[in-house]
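Trainee: just the structure for this:
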Amino acid sequence: MAQGSGFLSNGRVDIGLLRQSLRAELIECLNRCDGSKALVWDEKLTSPFTLIAEYTLLKAHGVDKMYTLEPGDLPTCEMQHIIFLTRPSLHNMEMVADNIRSAANDRLKEFSIFFVPRKTMLCERKLEELGVYGNLVNIDEYNLDIIPFDNDLLSLEQPLAFRECYLEQDFTSLFYVARSLMTIQALYGTIPNLIGKGPCSKQVIDIMLRMRRESPPQNPGVMPQIDNLVLLDRSADMMTPMLSQLTYEGLIDEIFGIHNCSVRLPPEKFLSSEQEEKNKANNVTPSPKVLVLNSADELFGELRDLNYQAVGPLLSRKAKRVTSQMDERHEAKTVRQLKQFVNRLPHLQSMRTSVSTHTSVAELIKERVFGDDFMTTLRAEQELVGGVDTDRIHPLVETLIAKKAPLVKVLRLICMQCMANNGFKAKLMDFYKREIIQTYGFHHLITLDTMEKVNLLYTKSTTAYSQLRKSLRLSVDNVDEVTPNDIAYVYSGYAPISVRILQNIAKPGGVRNIDAALRLIPGPLTEETQDIPAGLRTKKQASAASMTMVFFLGGVTHAEVAALRFLASEEGLSDYLIGTTQMINGTSLLETLVEPSPLAEADDSKAAPETRPRRR
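Mentor: Below is the predicted model:
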């Protein structure tokens, strides 16, 4: 299930400790269940768990079978203890009840349920109503609040957090954020400086301070490893996720979608000619190529944050270097030289495979990126963020609607234009609304209303993007994409507002450096400090970079993560540990807000309610 995790300990903060803590708690849950065990997984939890525990760990603690949680009867199995691992949703409780009832006649079987990340009274009552509460030996929770993705990246994987916080006013995910940050502090020490921008950030800080007052620190003697915590509401920078990401990892996410550090790719580029012929002869459809994307892959660690224009040259250099090093075997004349080559051979073979794989991925991206459709969209995006013709009907938007292009693609451009123009005039807003409703269906009246409620569409307002563009230097001309000297390289000339804010906060003077700019962004600025015992205070050397944890409430893009890594490596003022409620792009964010078609809902009767955007 999980690949080697040594790479998690390669950062300045050892994220491997967090993974060990999560594994220990999982083992504790399993050990509370006697006998041979079968795990029944909530399907949405399978991918996150692969980052925490491999099958050998589960098997070592008595797990012999694993099943997906589905409606109806539990598959026949001889295991004594059935353990349900599920998110707290009423739909899942119905499936759990079905499974228990189907096996309840076997008196030798025992059942336990662990809610991830938190059990709720509502779910417990539902189990009582369904008549299976008394069948459960253990009813508890497994606190998988935050998942380590890489040595500098953590995620709660709460895909609906933005919708829940900004539309439905459901702040449950903020409690999970606060609890996960308390876990971070238990492992890595109290964070002395807390800064938040936006109403959700203020709530998280308030919850954290209340938790600290109500319960003493778990490990009060831990030396603080993180100097600052900066929380940013996604609503403080909605422009950035609407843009097309132009880093290698960002483009993989835009085109194919990255989920829990893995991506499913078309298999054709990864098959040998013999495999292709064999599949054709046997009429076999090849499975998608599943690629794990993290810094355990040395080459991907170098490629992921590059602008796509720099990917080809690096892959070419790597291929030539590997070929040259493989050819050295012909020059080895002594036993010692042969032994040295043999010792290097596994690494060289691994690198050659990695170069071949990422060359195939780069070719798949190239097919899309250099197409007319992508280039036309990219030009329109760069014109909009540059403030060109934002106050009139955009010809590309009009064309896309006429062609009935995917609605989310249209909405990304319209939202971008709205923000760049500091809001639409009523006439322009009405035109876009009328075109969308007439082309895509009247149910999108709800979609448009939702977009207005979360402030992605609005009429003229005081949110002065044009002023922010100048004061934060968001547009950068003639940016060097191959050897960059500014964070704007991640969008080929546009610097994310979020990262510009963090760049300025890291400088001497902190938030005072950008007081005027922060006042242009809606939402309060919160600053708090936490006391550190005198014996744990360390005197930082003047030349040493501070350690800042940044937490994005509502999601962060891979391009923003790349920009923060660039800041850490190039400016040296601060290193960054990045946390988020979810890895997002413009498409995945808007899909949580788009109202599903009534026809699609009728056809998709088997879909779980919580997997679809919910009406308000």
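Trainee: in the stretch 51-200 of the chain, which spans are helices?
Mentor: 55-60, 90-103, 121-129, 161-166, 172-188, 199-214 (DSSP state H, counting those that start in this stretch).
Trainee: out of those, indicate the one that is most buried.
Mentor: helix 161-166 (a mean of 24; mean count of other CB atoms under 10 Å). Every residue, glycine included, has its C-beta placed from N, CA and C.
Trainee: keeping just the C-alphas, turn that one into CSV.
Mentor: Taking Å, rounded to 0.1, in the frame of the first residue of the first chain, the C-alpha atoms of helix 161-166 are listed here in CSV:
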residue,chain,number,x,y,z
ALA,A,161,-14.1,22.5,3.2
PHE,A,162,-14.4,25.6,1.0
ARG,A,163,-18.0,25.0,0.2
GLU,A,164,-18.8,24.2,3.9
CYS,A,165,-17.0,27.2,5.3
TYR,A,166,-17.9,29.9,2.8
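Trainee: which residues in the stretch 501-616 of the chain form helices?
Mentor: Listed in chain order, the helices of the stretch 501-616 of the chain (DSSP H, counting those that start in this stretch) span 515-520, 558-570, 586-591, 598-603.
Trainee: returning to what we had before: so for A545, which of the helices of the stretch 51-200 of the chain sits nearest?
Mentor: helix 172-188 (16.3 Å; CB to CB).
Trainee: returning to that earlier point: redo the helices of the stretch 51-200 of the chain as TSV? Include mean pLDDT and distance to E571.
Mentor: Listed next are those as TSV, based on pLDDT from 0 to 100; distance: least, CB to CB, whole Å:
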stretch	mean pLDDT	distance to E571
helix 55-60	92	40
helix 90-103	93	46
helix 121-129	95	47
helix 161-166	96	29
helix 172-188	95	23
helix 199-214	95	24
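Trainee: host element of the residue nearest to T376 when sequence neighbours are not counted?
Mentor: With sequence-adjacent residues excluded and distances taken as CB to CB, 6 or more residues apart in numbering, T376 is closest to L396, at 6.5 Å. Per DSSP states H and E: L396 is located in helix 395-402.
Trainee: which residues are contacting that helix?
Mentor: T376, T377, A380, K409, V410, L413, I414, Q417, Y432, E435, I436, T439 (CB atoms under 8 Å, 6 or more residues apart in numbering).
Trainee: quick one: F49 is in a helix?
Mentor: Yes. According to DSSP: H, G, I helix; E, B strand; the rest coil, F49 belongs to a helix.
Trainee: next, work out how far apart it and G312 are.
Mentor: Relative to G312, F49 is positioned 36 Å away (CB to CB, to the nearest Å).
Trainee: let me know the angle separating the strand or helix carrying V408 from helix 395-402.
Mentor: Using DSSP H and E, the element containing V408 is helix 407-420. Between helix 407-420 and helix 395-402, the angle comes out at 150 degrees (axes from the mean of the first three to the mean of the last three CA atoms, to 10 degrees).
Trainee: check what contacts helix 407-420 and list those residues.
Mentor: Contacts of helix 407-420 (CB under 8 Å, 6+ apart): 238-239, 242-243, 377, 380-381, 384-385, 387, 390, 394, 396-397, 400-401, 424, 432, 436, 440, 444, 447, 451, 456-458, 463, 465-466, 586-587, 590-591, 594.
Trainee: K109 touches A103, doesn't it?
Mentor: Yes. The pair K109 / A103 is scored as a contact, 5.5 Å apart, by CB atoms under 8 Å.
Trainee: how far away is L30 from E157?
Mentor: 21 Å.
Trainee: for M583, that is, sorry about that
Mentor: From M583 over to E157 the distance is 8 Å, taken as CB to CB.
Trainee: for A60, give its distance to S112.
Mentor: Taking CB to CB, one finds A60 at 18 Å from S112.
Trainee: isn't D297 right up against S354?
Mentor: Yes. Taking contacts as CB under 8 Å, D297 lies within contact range of S354: 6.0 Å.
Trainee: quick revisit: wait, which of the helices of the stretch 501-616 of the chain is closest to T76?
Mentor: helix 598-603 (31.2 Å).
Trainee: give me the secondary structure label for L39.
Mentor: L39 is classified as strand under three-state DSSP.
Trainee: now do the contacts for it.
Mentor: Going by CB under 8 Å, 6+ apart, the list of residues near L39 reads L58, V63, K65, M66, Y67, I83, L85.
Trainee: nearest to R329, of those?
Mentor: Nearest member of the contacts of L39 to R329, counting by CB to CB, is L58, at 41.6 Å.
Trainee: so how far is L30 from the closest one?
Mentor: The value you get for L58 to L30, if CB to CB is used, is 7 Å.
Trainee: same deal with T120?
Mentor: 22 Å.
Trainee: which one's more surrounded, the two?
Mentor: Shown here are T120 and L30; by other CB atoms under 10 Å, L30 has more neighbours (22 against 15).
Trainee: now that one, nearest residue through space, not along the chain?
Mentor: H61 (4.4 Å).
Trainee: neighbours around E363, how many?
Mentor: 11.
Trainee: where does pLDDT dip in the stretch 351-500 of the chain?
Mentor: Residues of the stretch 351-500 of the chain meeting the criterion pLDDT under 70: 461-463.
Trainee: list the contacts of S295.
Mentor: F7, N10, D150, N151, G301.
Trainee: can you lay out the helices of the stretch 51-200 of the chain as a markdown table showing distance to V550?
Mentor: Formatted as a markdown table, the helices of the stretch 51-200 of the chain follow (distance: least, CB to CB, whole Å):
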| stretch | distance to V550 |
| --- | --- |
| helix 55-60 | 31 |
| helix 90-103 | 32 |
| helix 121-129 | 33 |
| helix 161-166 | 16 |
| helix 172-188 | 12 |
| helix 199-214 | 11 |
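Trainee: quick one, which of those is nearest to I258?
Mentor: Here helix 161-166 is closest among the helices of the stretch 51-200 of the chain (CB to CB), at 17.4 Å.
Trainee: which strands and helices sit next to the closest one?
Mentor: Counting contacts by 3 or more CB pairs under 8 Å, 6 or more residues apart in numbering; DSSP states H and E, helix 161-166 packs against helix 172-188.
Trainee: what does the helix it packs on rub up against?
Mentor: Here helix 172-188 has contacts from 13, 17-18, 21, 117-118, 143, 145-146, 154, 156, 158, 160-161, 164-165, 191, 200, 203-204, 207-208, 211-212, 217-219, 222, 224-226, 229, 549, 551, 553, 579, 581, using CB under 8 Å, 6+ apart.
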